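Colleague: Requesting a structural model of the entry that follows:
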Amino acid sequence: MLWVGFLHLGALAAPFCFTWYGLGLALILSWVTGGLGVCLGFHRLLTHSSFKTYRPVRGLLALFGTLAGEGPPIMWVSAHRKHHRFSDEEHDPHSPKDGGWWSHMLWMFPRHGSQHWAQLYRQYSPDLLKEPFLRLLDRTFLWWHLALGVCLFSLGWGLWDLRTGLSFVVYGMFVRLVYVLHVTWAVNSASHMWGYRNYETRDNSRNLWWVGLLAFGEGWHNNHHAYPRSASHGHRWWEIDLTNWIICLMKFSGLAWNVVPKPSSSPRHTAEVVTTSEPSIPTSQSP
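Modeller: Residues are numbered from 1 along each chain as shown. Model prediction:
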């Protein structure tokens, strides 16, 4: 609660620290941390193994995702894998059945304690616990944000002036983080409440166009829940998926391989139920 509240309070300074440089920086870093970090790195790579890449690239994407402010990678992946296992059921961490604001952000606020998270890590992310760099990011989550803030302030002040340095901090950190947090949180909330369905899945996932555009392709959520490991979330021609475009570019350049394709047949509104399981999630343990 302190972290989220601090970010929103900092964003209130935006009207007093506006510069075009700061706004441009916020847009670029939103894509780097939200698009490359969370959507590409945390979600499609670490959670669902939608493609493979080199270990340094994997680590860099994990670092970008850490700087999105949503938590370290092992914590994020564990919660998301649990969401897929119990989507819109009793043990779902963030189902709108428990309230729209609960699914959007309030689900993160109860203090569960370190033992709860340790058990969640062991149950849902044993593969990631084997990676030392991901464990390091888990231990040093806030320090990376502090370091980025210092770097942005020094860059703006050194290249321009004090006002630009402050603008870089307010827009490059606070405004950018608030935007990334809310558009990705909207996937958990809005995309389980509004929109259309291409597939009859067992949950309430929906395809919501404005979340798809703002959240770098993550808003085609019904498609994703029907085929969780597919690298592409856009299954119709109008379902723009910027994150998948990046995966295609990485594959073309040799940075990605074993890319999981989308279904070969066109989606139908009355498609049969598709059941999938994540190979890295132990299914024999109790929730």
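Colleague: List the buried residues of the helix or strand hosting Leu249.
Modeller: Element membership for Leu249 (DSSP states H and E) is helix 242-253. For helix 242-253, a neighbour-count test (16 or more other C-beta atoms under 10 Å) marks 242-244, 246-248, 250-251 as buried. Glycine gets a C-beta too; all of them are placed from N, C-alpha and C.
Colleague: what distance separates that helix from the middle of the whole chain?
Modeller: 17 Å (C-alpha atoms, centre = their mean, to the nearest Å).
Colleague: Need the contact partners of that helix.
Modeller: 35-36, 39-40, 44, 50-51, 53, 216-218, 231-234, 256-257, 259 (C-beta atoms under 8 Å, 6 or more residues apart in numbering).
Colleague: as a whole number, average confidence for that helix?
Modeller: If you average the pLDDT over helix 242-253, you get 97.
Colleague: Using CSV, list the CA coordinates for it.
Modeller: Extracted in CSV, the C-alpha atoms of helix 242-253 (Å, rounded to 0.1, in the frame of the first residue of the first chain):
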residue,chain,number,x,y,z
LEU,A,242,2.4,-5.3,-30.4
THR,A,243,4.1,-7.8,-28.1
ASN,A,244,3.8,-10.6,-30.7
TRP,A,245,5.3,-8.3,-33.3
ILE,A,246,8.4,-8.0,-31.1
ILE,A,247,8.5,-11.8,-30.8
CYS,A,248,8.3,-12.1,-34.6
LEU,A,249,11.1,-9.6,-34.9
MET,A,250,13.2,-11.4,-32.3
LYS,A,251,12.6,-14.7,-34.2
PHE,A,252,13.6,-13.1,-37.5
SER,A,253,16.8,-11.7,-36.0
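Colleague: between the buried residues of helix 242-253, which is nearest Trp101?
Modeller: Taking C-beta to C-beta as the measure, Trp101 lies nearest Thr243 of the buried residues of helix 242-253, at 26.2 Å.
Colleague: Please report how far that closest one lies from Phe133.
Modeller: 22 Å (C-beta to C-beta, to the nearest Å).
Colleague: do Ser95 as well
Modeller: 32 Å.
Colleague: Among those two, which residue is more densely surrounded?
Modeller: For Ser95 versus Phe133, the count of surrounding residues by other C-beta atoms under 10 Å is larger for Ser95: 22 against 15.
Colleague: any chance you could map the strands in the stretch 1-150 of the chain?
Modeller: Using DSSP state E, counting those that start in this stretch, the strands found in the stretch 1-150 of the chain span residues 52-53.
Colleague: For it, just list every one of the helices.
Modeller: Using DSSP state H, counting those that start in this stretch, the helices of the stretch 1-150 of the chain run over 2-11, 20-30, 55-66, 73-85, 100-104, 114-124, 132-139, 141-159.
Colleague: By neighbour count, which bits of the second one are buried? Give me those.
Modeller: Applying a neighbour-count criterion of 16+ other C-beta under 10 Å, one finds 21-23, 25-26, 29-30 buried in helix 20-30.
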